[in-house]
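Engineer: What follows is a predicted structure for the sequence shown.
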Amino acid sequence: MVKKLRKWLDEYQDHLGYMAISTVFLILSGGYAYYRSDVISLIIFLYFVGDIIYRLNAYFHYKENVLKRIESISYRVKHAGETAFNQLPVGILLYDDAYEVVWFNTYLKQIFNQDLHDKGLTHLSEQLYNRALSDDEKFSVTINQETYRVLHMKNERLMYFTNDTEYTTLSQKYQNEHPVIGMLVMDNYDEVFHNLNEQEKSEFHGKIVSIIMQWADKHKIYIRATATDRFILMMPSVVLQQLRETKFTIIDKVREAAKEKDVMLTISIGLATGYDSFSELGQQANYMLDLALSRGGDQVAIKIATDDKFLFYGGKTNPVEKRNRVRARVNAQAYERLVRDSDRVIIMGHRYPDVDAIGASIGLLRMGIASKKEAYIVLKLEELDKTAKNFVDEIFKDENLKKYFISSEMAIELMTKNTLLVVADTQDPKMVIEPALLPKAKKIAVFDHHRRGVNVIDSVLSFAEPYASSTVELVVDMFDYYSQKIKMTPLEASIMLAGIIVDTRRFSYHTGRRTYETAAILKQKGAEEKLVQQLLRTPLENYYSKAHLIERAEIFKDEFIIASADDELVLEKVQIAQTADELLNVQNIKASFVISRIDEQHIGISARSLGDVNVQVLMEQLGGGGHLNNAATQIRSSSTQDAVLLLKEVIVKEIEESGESQ
């Protein structure tokens, strides 16, 4: 239409141009005819007179047509604008600085199904009002069970509403139908059924399978057994959401059924969704199952690729000790091959190393030396607490042992493509003494007794068992299967024994049969209890700080006790850990938490429980980890009181979620 109008106007301009030219020629021919008085000049003059008359007539006629056309187009444009404002499916709303409606079109009235004159946004929709207060340019709101996409021009106080219900419904349906693949395994199956006779095995196995099958049938999950103790699961994403809302009560049902039989059978599940292919889904489901098992079992681990999220449910029981000599032998032989094929071995523990990390490192060092390889332990003297420093001071008195301890700078210089890097007492790449060593190493071995977190070191050998009392226990487990004889001094054996004593609170926590056997082996290698006792003695100021923390302790939600130090007070991790142990003895308390600044930038939280509360889950939400009843974290916070509030929020959230799942 605009092109036609432009063409008419161009033709209109042409008429005026031609008429101007004819007028010029008329004057020239008229003047020429007047002076020459010949017939030809007169004819030319008359021709231009006629042409001007013709063009004048055409001009006025054409002008009238053009004006009519312009008027017609103006009317149609105006009518189209009115139609767009009032009939197109786009709601338009203008509001004032008091967030009251000042103008709206007809379609918006249909959206709200009410008169909008002089109405405030809060009256129309609380959700709309809250979003109007924000700086969001685009958002969605629900009005009368319909979803609308809103384009918000806050500076103009203008909103455009378009119905997004069909797209939202389709999108939700697509999300709900995402495939989910899972792997389910019975934990401790061999250990549990080994002690049952054939009839008991059949009856108990049938009971557990029946519980699992009924659960799957209730939620319309496809399930198929791939082995006696293993199942594959398939379901849509909407079912996974339902299971998340109920906190996977299946793991509680199986555990309770096993308790009735007086056995410790649990299940673990790995689930994955959001991947482009079934191959990836299967691989990730297997990986999540391995992750659940490495965290102690009795839990569900989920990976949602679309959100890049890891989720965990369950984990309410301590991992059962699995005395598996086969695995210890396999890992010992694998470690020996790695050592033999390397030019040297560099060992490091976690930041702010404790006695367990130092003791395990010494054991791994002696295994490397037994294979006649150059071996070293990385240590940062500035990151030692007083308890660990006592042992390091004793180490440095021994010139033969001292020479094996090096700085992180020297370790980086010694690192080659054929150097074996060994990490002890942690699996988290952010927690190691020197993170810069990890990308330089082509071969990494990991030994740890903590429950596995989401971020783990990529290694060629991983011996991580959460049932073990300490990393020292895992290392000593391999001694019998190492082809070379492991030699160590009484001091080295004493340090390793101290690692077990500290991590088990003097054999009162997380202690199994293997723990005592390991202690006996170290005693045979010359460990001296008197030396351990001397090195573990607590300075007097530790008692003062403990008294300060206990004095500030408060009971929270009847079952939790929280103690926080003054902001000005900087304590060592061992001090807050010992206080957390002490507070756990308070009557009716299920979990204790001690909070203190550990340096200028970080605040440490040490958590303990009697087993009814999974403090590992709580600490993981704050960026830490550990075991079910022994965990910790470090956070950046402006004050210890801010850390207390953050911890309380996590506890309340966990209580609410636990209540919903019951």
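Structural biologist: Arrived safely, thanks for sending.
Engineer: right, and E383 touches R351 too?
Structural biologist: Yes. In this structure, E383 is within contact of R351 by Cβ atoms under 8 Å, at 5.9 Å. C-beta coordinates here come from the backbone N, C-alpha and C atoms, glycine included.
Engineer: which neighbours do these two share?
Structural biologist: Shared contacts of E383 and R351 (Cβ atoms under 8 Å, 6 or more residues apart in numbering): I433.
Engineer: Between these two, which has more neighbouring residues?
Structural biologist: Counted by other Cβ atoms under 10 Å, E383 and R351 do not tie: R351 has more neighbours, with 17 against 13.
Engineer: Could you check how far that one is from E100?
Structural biologist: Relative to E100, R351 is positioned 58 Å away (Cβ to Cβ, to the nearest Å).
Engineer: give me the beta-bridge partners of V423?
Structural biologist: Beta-bridge pairing for V423 (DSSP bridges): M348, V446.
Engineer: Could you measure from it over to G363?
Structural biologist: Between V423 and G363 the computed distance is 14 Å (Cβ to Cβ).
Engineer: ok, the two, which is more surrounded?
Structural biologist: Remark: of V423 and G363, V423 carries more neighbours, 30 against 27, as counted by other Cβ under 10 Å.
Engineer: Verify the stated contact: the more buried one with A441.
Structural biologist: No. Using Cβ under 8 Å, V423 makes no contact with A441, being 9.4 Å away.
Engineer: so T147 sits in a strand?
Structural biologist: Yes. Assessed by DSSP: H, G, I helix; E, B strand; the rest coil, T147 belongs to a strand.
Engineer: I'd like to know how many residues surround it.
Structural biologist: Neighbours around T147, by other Cβ under 10 Å: 17.
Engineer: and what of S268?
Structural biologist: Residues lying near S268 (other Cβ under 10 Å) number 26.
Engineer: Quick check: bridge partners of it?
Structural biologist: Here S268, judged by DSSP bridges, has bridge partners V185.
Engineer: contacting residues for it?
Structural biologist: S268 touches 184-185, 187, 251, 289, 292-293, 297-301, counting by Cβ under 8 Å, 6+ apart.
Engineer: Find the residue ranges of the stretch 151-300 of the chain scoring beneath the pLDDT cut-off.
Structural biologist: Low-confidence segments of the stretch 151-300 of the chain (pLDDT under 70): none present.
Engineer: residue boundaries of the helices in it?
Structural biologist: 165-176, 189-194, 198-218, 237-245, 250-260, 278-294 (DSSP state H, counting those that start in this stretch).
Engineer: Summarise which helices and strands the fourth one is packed against.
Structural biologist: Right, the one you point to is helix 237-245. Judged by 3 or more Cβ pairs under 8 Å, 6 or more residues apart in numbering; DSSP states H and E, helix 237-245 is in contact with helix 165-176, strand 179-187, strand 266-273.
Engineer: any idea how far the shortest one is from the chain center?
Structural biologist: Meaning strand 266-273. Put simply, strand 266-273 sits 18 Å off its chain's centre (Cα atoms, centre = their mean, to the nearest Å).
Engineer: can I get the CA coordinates of it in CSV?
Structural biologist: Written as CSV, here are the backbone C-alpha positions of strand 266-273 (Å, rounded to 0.1, in the frame of the first residue of the first chain):
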residue,chain,number,x,y,z
THR,A,266,20.5,-51.8,51.9
ILE,A,267,20.1,-50.7,48.3
SER,A,268,21.7,-48.0,46.2
ILE,A,269,20.4,-46.4,43.0
GLY,A,270,22.1,-44.4,40.3
LEU,A,271,19.9,-42.3,38.0
ALA,A,272,20.6,-40.1,35.0
THR,A,273,18.4,-37.9,32.7
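Engineer: Can you give me the buried ones in it?
Structural biologist: 266-273 (16 or more other Cβ atoms under 10 Å).
Engineer: Same question for the second one.
Structural biologist: By neighbour count with 16+ other Cβ under 10 Å, strand 179-187 contains the buried residues 180-187.
Engineer: now the angle from it to helix 278-294?
Structural biologist: Per axes from the mean of the first three to the mean of the last three Cα atoms, to 10 degrees, the angle that strand 179-187 makes with helix 278-294 is 30 degrees.
Engineer: try the shortest one
Structural biologist: Strand 266-273 and helix 278-294 are oriented at 150 degrees to each other (the same axes, to 10 degrees).
Engineer: switch to numbering from 92
Structural biologist: All right, first residue 92 from here; so that's strand 357-364.
Engineer: If you compare the directions of strand 357-364 and helix 289-309, what angle comes out?
Structural biologist: 30 degrees.
Engineer: Can you check what angle separates strand 357-364 from helix 341-351?
Structural biologist: Strand 357-364 and helix 341-351 are oriented at 170 degrees to each other (the same axes, to 10 degrees).
Engineer: circling back to that earlier point, quick one: which of the buried residues of strand 270-278 is nearest to I486?
Structural biologist: D278 (39.5 Å; Cβ to Cβ).
Engineer: In terms of pLDDT, where does the residue nearest the centre of the chain sit?
Structural biologist: The centroid of the chain falls nearest to K400 when counting by Cα atoms, centre = their mean (4.5 Å). Among the per-residue scores, K400 shows a pLDDT of 73.
Engineer: Wait, it touches G365, no?
Structural biologist: No. Using Cβ under 8 Å, K400 makes no contact with G365, being 9.2 Å away.
Engineer: Which residues are in contact with each of the two?
Structural biologist: Residues touching both K400 and G365 (Cβ under 8 Å, 6+ apart): K394.
Engineer: Which pLDDT value does the model give Y150?
Structural biologist: At Y150, the pLDDT recorded in the model is 61.
Engineer: Likewise for V157?
Structural biologist: Value for V157, per-residue pLDDT: 61.
Engineer: picking that back up, go through the helices of the stretch 242-391 of the chain and name the closest to N204.
Structural biologist: Among those, helix 256-267 comes nearest to N204, with 14.9 Å by Cβ to Cβ.
Engineer: Could you list every helix and strand that the closest one packs against?
Structural biologist: If you count contacts as 3+ Cβ pairs under 8 Å, 6+ apart, helix 256-267 packs onto strand 237-244, helix 328-336.
Engineer: of all the helices of the stretch 242-391 of the chain, which lies closest to I653?
Structural biologist: Here helix 341-351 is closest among those (Cβ to Cβ), at 27.6 Å.
Engineer: buried residues in the closest one?
Structural biologist: Under the neighbour-count criterion of 16+ other Cβ under 10 Å, helix 341-351 has 341-346, 348-349 buried.
Engineer: what do you get for stretch 273-293?
Structural biologist: 273-280, 282-284.
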